[in-house]
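# coordinates for the following, if possible.
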Amino acid sequence: MLTDIAPGARILCRDAEWLVKYVALSSDGDRIIEAVGVSEFLRGRRIRFLEELEKKDRKRGLQVLKPEETNLVIDETSGYVRSLLFVEANLKQTIPEDGRIYWGHKAAMDALNYQLIPATKALQMPRQRLLIADAVGFGKTLECGILVTELIGRRKGRRILVVTTK
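Now for the predicted structure:
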């Protein structure tokens, strides 16, 4: 059994590089490794591996990448511009997984605290299905816009249905 798999470790599995987010035990004692893709084509994609099944594939298997074998590249640009751009690009591609609002309240509007509540509640749901019903003038359109912005930013906004009156 690979004992050095822990959250934060990088693994090579199925010909792709993954970042381990969570390790748990299944009911039969096998380890479940939840990871996020790091490789170019799988960046940000979540997956779960069963360690026992991955070990059976001798050719590819599951390999823990050692941090000490990482090749460092010197950044000779003024003010470390390339490094800062690299860090910024990676942060931009990181999808938030919590219920906090990151983008919706930054639009050209004066959002009030109660208008953020529907989006916060919806982001805590496994499947976002929400009915926003208020009196006239309380900002249902803004509440919907905040939620839609958050869903699109988290790549969960593939199918969005907004039903409203004329």
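# from here on, contacts and neighbour counts on C-alpha atoms
Fine.
# residue boundaries of the helices in the chain?
51-56, 81-93, 113-123, 140-153 (DSSP state H).
# between those, which gets nearest to Gly8?
Proximity to Gly8 (C-alpha to C-alpha) singles out helix 81-93 among those, at 15.4 Å.
# any idea how far the residue nearest the centre of the chain is from Leu151?
Residue closest to the average C-alpha location in the chain (C-alpha atoms, centre = their mean): Ile95, at 3.5 Å. For Ile95, the distance to Leu151 (C-alpha to C-alpha, to the nearest Å) stands at 11 Å.
# biggest strand in this structure by residues?
Across the chain, the longest stretch assigned as strand under DSSP state E is strand 16-25.
# ok, it: who's next to it in the sheet?
The strands beside strand 16-25 in its sheet (DSSP bridges) come out as strand 10-13 (antiparallel), strand 31-37 (antiparallel).
# just the buried residues of it, please?
Neighbour-count burial for strand 16-25 flags Glu17, Trp18, Leu19, Val20, Lys21, Tyr22, Val23 (criterion: 16 or more other C-alpha atoms under 10 Å).
# let me know the closest of the residues you listed to Gly99.
Ranked by distance to Gly99 (C-alpha to C-alpha), the buried residues of strand 16-25 are led by Lys21 at 17.5 Å.
# is it true that the closest one touches Gly37?
No. Between Lys21 and Gly37 there is no contact under C-alpha atoms under 8 Å: 10.4 Å.
# if we can go back for a sec, count of neighbours near the residue nearest to the residue nearest to the centre of the chain when sequence neighbours are not counted?
Nearest residue to Ile95, sequence neighbours excluded (C-alpha to C-alpha, 6 or more residues apart in numbering): Arg154, at 5.6 Å. Under the neighbour criterion other C-alpha atoms under 10 Å, Arg154 is assigned a count of 17.
# average pLDDT across the longest strand of the chain?
Averaging the model's pLDDT scores along strand 16-25 yields 87.
# worst-scoring helix or strand of this protein, pLDDT-wise?
Among the helical and strand segments of the chain, the one scoring lowest on mean pLDDT, DSSP states H and E is helix 51-56, with a mean of 79.
# now the strands paired with strand 16-25 as a markdown table including mean neighbour count, mean pLDDT and distance to Glu51?
Output for the strands paired with strand 16-25, formatted as a markdown table (neighbours: other C-alpha atoms under 10 Å; pLDDT from 0 to 100; distance: least, C-alpha to C-alpha, whole Å):
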| stretch | mean neighbour count | mean pLDDT | distance to Glu51 |
| --- | --- | --- | --- |
| strand 10-13 | 19 | 86 | 10 |
| strand 31-37 | 19 | 88 | 6 |
